[in-house]
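**Student:** got a predicted structure here, sequence first:
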Amino acid sequence: MSQNMINLTLTDAQLEAVDQALTDLEAQLVDLIAMSAEQRRKLARMGDKSEAFCRQTLSVLSQNPQVVPPSLKLAEAQADLVALDKLRPRLQRLQRLAERGADSETALGSDIMRCALDGYALLKVSGRNQGLEGLRKELGTRFAKGPRGEETPAAA
């Protein structure tokens, strides 16, 4: 009947430390960019299979500078590869932390929902004798089944 997937207590000191750490991360990663969905859609992507190709091509080009025109901006691409290699492990850690945060948020919400549903069931059974029928009916509007989509117009 009772569910308690997670026990989480965050002190003010912990929250302040987290907020400061996030502020520090934002300050250190100020050069990260944000793109619109349209911009992302138009980009050439370097997936797992393409990454080996890209690394090998940059290597061959750097070993043969006589075939590389300045307009190719090989040095910039090599710097981008170095930055990617440095950024990626940090993003993986952030992603794992974000996933744990999302899972914890879901578990907290589920614990709350389960308790509320169990409590509502108790109100349905024993609330009648305690003068709680009106409140129970008000809470029951969450479960009211009505037409999906458009609401029915109010009676004139």
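**Tutor:** Everything's here; your move.
**Student:** determine the set of other helices and strands touching the host helix or strand of residue 19.
**Tutor:** Taking DSSP states H and E as the definition, residue 19 sits inside helix 12-28. Here helix 12-28 touches no other helix or strand, going by 3 or more C-beta pairs under 8 Å, 6 or more residues apart in numbering; DSSP states H and E. All C-beta atoms are positioned from the backbone trio N, CA, C, and that covers glycine.
**Student:** what does that helix contact?
**Tutor:** Contacting residues not belonging to helix 12-28 are listed as residue 10 [C-beta atoms under 8 Å, 6 or more residues apart in numbering].
**Student:** which element follows that helix toward the C-terminus?
**Tutor:** helix 37-42.
**Student:** for that following helix, what is the distance to the chain centroid?
**Tutor:** 20 Å (C-alpha atoms, centre = their mean, to the nearest Å).
**Student:** distance of residue 135 from residue 75?
**Tutor:** 70 Å (C-beta to C-beta, to the nearest Å).
**Student:** residue 107 sits in which helix or strand?
**Tutor:** helix 74-126.
**Student:** next SSE after that helix?
**Tutor:** Taking DSSP H and E, what comes next after helix 74-126 is helix 133-140.
**Student:** what's the pLDDT at residue 131?
**Tutor:** Looking at residue 131, its pLDDT reads 71.
**Student:** so who does it touch?
**Tutor:** Contacts of residue 131 by C-beta under 8 Å, 6+ apart: none found.
**Student:** any idea how far it lies from residue 120?
**Tutor:** Taking C-beta to C-beta, one finds residue 131 at 16 Å from residue 120.
**Student:** equivalent analysis for residue 88, please.
**Tutor:** In terms of C-beta to C-beta, residue 88 sits 47 Å off from residue 120.
**Student:** how far is the helix holding residue 19 from where the chain is centred?
**Tutor:** 18 Å.
**Student:** quick one: mean pLDDT for that helix?
**Tutor:** So the average pLDDT for helix 12-28 ends up being 98.
**Student:** relative to helix 74-126, how tilted is that helix?
**Tutor:** 150 degrees (axes from the mean of the first three to the mean of the last three C-alpha atoms, to 10 degrees).
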